[in-house]
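Peer 1: structure for the following, please:
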Amino acid sequence: MSVFRDFADVLEVAVRVERLGIELYRKLYDTEESPHAKSTFSFLAAEEEKHAGTFRKMLEENANYTPRFDYPGEYGRFLNDYAASIVGKVEKAGSLMNRITINEALEMGIEFEKETILFYYELKSEGDFENNSEALQRIIDEERSHWRKLVSLKDTLKF
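Peer 2: Presented below is the predicted three-dimensional model:
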C-alpha cells in the first residue's frame, strides 16, 4: 500500500523534484565558464521548468487538490526522507561543481532522472493509483524524455 493518500500527493512530489532539478542545473550554469556548457545547462533548466509546469497543470486539474505542507506519521517521514535525499544529492552536486567535469555533471543529471523514473514506476506497480494510471504514465513519460535528452547530450557534446 502506498504511503501517498491520493494522486495529488504524487503530483506534489513530482513538482518538488523538478524544482530541485532546476536548482541543480542553475548551479551548474553559475559555476561553468564555457559558453557552450552554460547554454547546455540553461537548456536543461528550461526543460525541468517545462516538466514542473506540466505537473503543476496536472495538479490544477485535480479537483481534490489542496496543498499540504505538514504530513503526519509514516507518510510525513517518507516525504521528508525522500525530499532530504534528493536535496542532499543536489547540495552535494553543487559542492562538487568546481571539481567535476561537465560530463560528470551530466551523468549526475542522468542518475537523478533514473531515480525519479524508478520512483514513479514503483508507485505505478503498487496499484493504488488505478484511476490515475494514465496520469502517472504521463509523468513517467516526461521523465523518460528528459533522461533520453540528457543521455543524447552526454553522448554528443564534448566539453
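Peer 1: residues of the helix or strand harbouring Asp30 that come out buried?
Peer 2: Using DSSP states H and E, Asp30 falls within helix 7-31. Under the neighbour-count criterion of 16 or more other Cβ atoms under 10 Å, helix 7-31 has 7-29, 31 buried. From N, CA and C alone the C-beta is placed, and that goes for glycine too.
Peer 1: packing partners for it?
Peer 2: Applying 3 or more Cβ pairs under 8 Å, 6 or more residues apart in numbering; DSSP states H and E, one finds that helix 7-31 contacts helix 35-61, helix 73-96, helix 102-126, helix 133-156.
Peer 1: quick one: Pro35 and Phe41, what's the gap?
Peer 2: 11 Å (Cβ to Cβ, to the nearest Å).
Peer 1: the two - which one has more neighbours?
Peer 2: Using other Cβ atoms under 10 Å as the criterion, Pro35 and Phe41 rank with Phe41 on top: 23 against 8.
Peer 1: and the nearest residue to the more buried one once chain neighbours are set aside, how close does it get to Val17?
Peer 2: Once flanking residues are discounted, Phe41 sits nearest to Tyr29: 4.0 Å by Cβ to Cβ, 6 or more residues apart in numbering. Counting by Cβ to Cβ, the gap from Tyr29 to Val17 is 19 Å.
Peer 1: tell me the contacts of the residue nearest to Phe41?
Peer 2: Lys38, Phe41, Ser42, Ala45 (Cβ atoms under 8 Å, 6 or more residues apart in numbering).
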